Each structure stands twice: as C-alpha cells, then as structure tokens.
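**Q** heads up, no residue letters with this:
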C-alpha cells in the first residue's frame, strides 16, 4: 500500500506544482498524532502546498497541508490551510488564520480541491473507487470573499461525488455567516452526504504533524473536537 500511496501523492505533487502551486512530499514516520481516532501510531504521508502570500501578514505564506494517516483507510485524507513563516517555514498554529480572500478561495475551489479529492479514490481497498478528504477550514473569509462563497460552495457541493468522494466533510470552522451561506447552497441543490461540523468548545485530542523547511518536525494542535468527529464520520462512510 505504501508504495502505491507514495506514488499517488508524488503524482499529485507534480500536478499541483505544474499548475503553479509548489508542492513538497514527505513522510513523518511512526507518528501517534492521530492515535485518538485511529487507535495506532503510523506513518503520516504529507503534501505541503504553497498557495501564495498570506493576506495581511507580510513575511508569511498560506499553505495547505494534506495528510494520509490511517493504514486501515488509505483513501482517507485531511486537508487544512494554515500560515507559515517565510524565513524558515515554521507553521503558525492559530485557528483564526489564514485570511481567505477571493483569489485564494478560487485557487482552493478550482485547482487544489479537485486534485486532492481525486488522489485517493484509486486506493480504495474495497475496490469501489471512493475516498473522503476531511476539510479543516480554519481562518476567516474577508468581506469581499463572503460574496463569492455561495458560488464556490455550490461548485464544491456539486462536484465532490464526481471527484471520487463518498461524502463531503468540512470540520472545525468558525465562520457563522460563511457556514449559513454554505448550508443554504447545499439545500438549494439538494446535496446529500454533506456534513458541516463547526468548531466546538471542547479541544481536540489530535496533534497534526508538520515539517518546516529545515526538516524540523512540530505539531498543530489548535483544533476542537469537531475535527475528531469529522474524521470518525469519514471513516464510517468508508467502512
């Protein structure tokens, strides 16, 4: 499985890089950060995708971290956006960042999400060609981006099945107006198996491993238990 998974992620990294999103592939060995939801320590296979300069924070860039972490479900992934320091790639562990403007929103909707959604479906151990990428949507949309959210949310909700997703799971976000607009879009198009799990007041037990540009490993931990619930829900969809 590992060779096949690594090959799939390398291909995805090459595809995203060719489309203007520099992407780095690496593996964190024998990591127990996801043990609370998988029950075991395991290798975590990662893609680090640079999306562009961080909005309103000079000296930082906004990245997407994509991880595959569950040996029982090689077709289960986690995608989360976060900011990094340009000087050394150190991650900024803060759920109110990044700021999401229209340009970044369109990159996520039209380029990043289709590539990540399609990467894991061929690895489905049941042979059904399905996967789930749990989207952890930290940060805040700008006022201008709020006007775009009905359009981008509708695109994502319409397309997730054609991209191999068994369900759409968005977890641990804290943007009430954006959530309301996304839920409205889902109702208008009759989306099924679409789950929106906003941030709660209870902390997550998960520690997401992340590696900076100098090869130093750290962990992101500013999550609520909505992330744990989202991953457990995704595992049920894939069982």
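**A** Everything's here; your move. Just so it is clear, the model here is predicted, and its values are computed rather than measured.
**Q** Which element is encountered next along the chain beyond the helix-or-strand element of the chain with minimal mean pLDDT?
**A** Lowest mean confidence among the helices and strands of the chain (mean pLDDT, DSSP states H and E): helix 176-189, at a mean of 82. For helix 176-189, the following helix or strand on the C-terminal side (DSSP states H and E) is strand 194-198.
**Q** re the thing from before, run the angle between the least confident helix or strand of the chain and strand 194-198 for me.
**A** 170 degrees (axes from the mean of the first three to the mean of the last three CA atoms, to 10 degrees).
**Q** any low-confidence regions in the protein?
**A** Scanning the chain for pLDDT under 70 picks out 1-3.
**Q** remind me, longest helix of the protein?
**A** Ranked by residue count, the top helix of the chain under DSSP state H comes out as helix 2-18.
**Q** Give me the sheet partners of the following helix or strand past that helix and which way each runs.
**A** Downstream of helix 2-18, the next assigned helix or strand under DSSP H and E is strand 23-31. In the sheet containing strand 23-31, its partner strands are strand 42-53 (antiparallel), by DSSP bridges.
**Q** Could I get the buried residue list for the strand it pairs with?
**A** By neighbour count on 16 or more other CB atoms under 10 Å, the buried set for strand 42-53 is 42, 43, 44, 45, 46, 47, 48, 49, 50, 51. All C-beta atoms are positioned from the backbone trio N, CA, C, and that covers glycine.
**Q** Paired strands for the next helix or strand after that strand, with orientation please.
**A** Downstream of strand 42-53, the next assigned helix or strand under DSSP H and E is strand 60-68. Strands that pair with strand 60-68, judged by DSSP bridges, come out as strand 42-53 (antiparallel), strand 76-85 (antiparallel).
**Q** List of residues touching stretch 188-202?
**A** 95, 154, 157-158, 160, 166-174, 176, 179, 182-183, 185-186, 224-226, 229-230, 233, 237 (CB atoms under 8 Å, 6 or more residues apart in numbering).
**Q** again, only this time at 6 Å
**A** Applying CB atoms under 6 Å, 6 or more residues apart in numbering, the external contacts of stretch 188-202 come out as 157, 167-174, 179, 186, 224-226, 229-230, 233.
**Q** Give me the subset of these lying in helices.
**A** Per DSSP H, the subset of the contacts of stretch 188-202 in helices is 157, 179, 186, 225, 226, 229, 230, 233.
**Q** I'd like those written out as JSON lines, with neighbour count and distance to residue 25 added.
**A** Shown next, in JSON lines, are these (neighbours: other CB atoms under 10 Å; distance: CB to CB, whole Å):
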{"residue": "157", "neighbour count": "20", "distance to residue 25": "29"}
{"residue": "179", "neighbour count": "19", "distance to residue 25": "32"}
{"residue": "186", "neighbour count": "20", "distance to residue 25": "33"}
{"residue": "225", "neighbour count": "19", "distance to residue 25": "29"}
{"residue": "226", "neighbour count": "21", "distance to residue 25": "28"}
{"residue": "229", "neighbour count": "20", "distance to residue 25": "28"}
{"residue": "230", "neighbour count": "24", "distance to residue 25": "24"}
{"residue": "233", "neighbour count": "16", "distance to residue 25": "27"}
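**Q** Widest-spaced pair of those residues?
**A** The most widely separated members of the ones in helices among the contacts of stretch 188-202, counting by CB to CB, are 157 and 225 (24.5 Å).
**Q** quick revisit: of all the ones in helices among the contacts of stretch 188-202, which comes closest to residue 128?
**A** Using CB to CB, the ones in helices among the contacts of stretch 188-202 come closest to residue 128 at residue 233, 17.8 Å.
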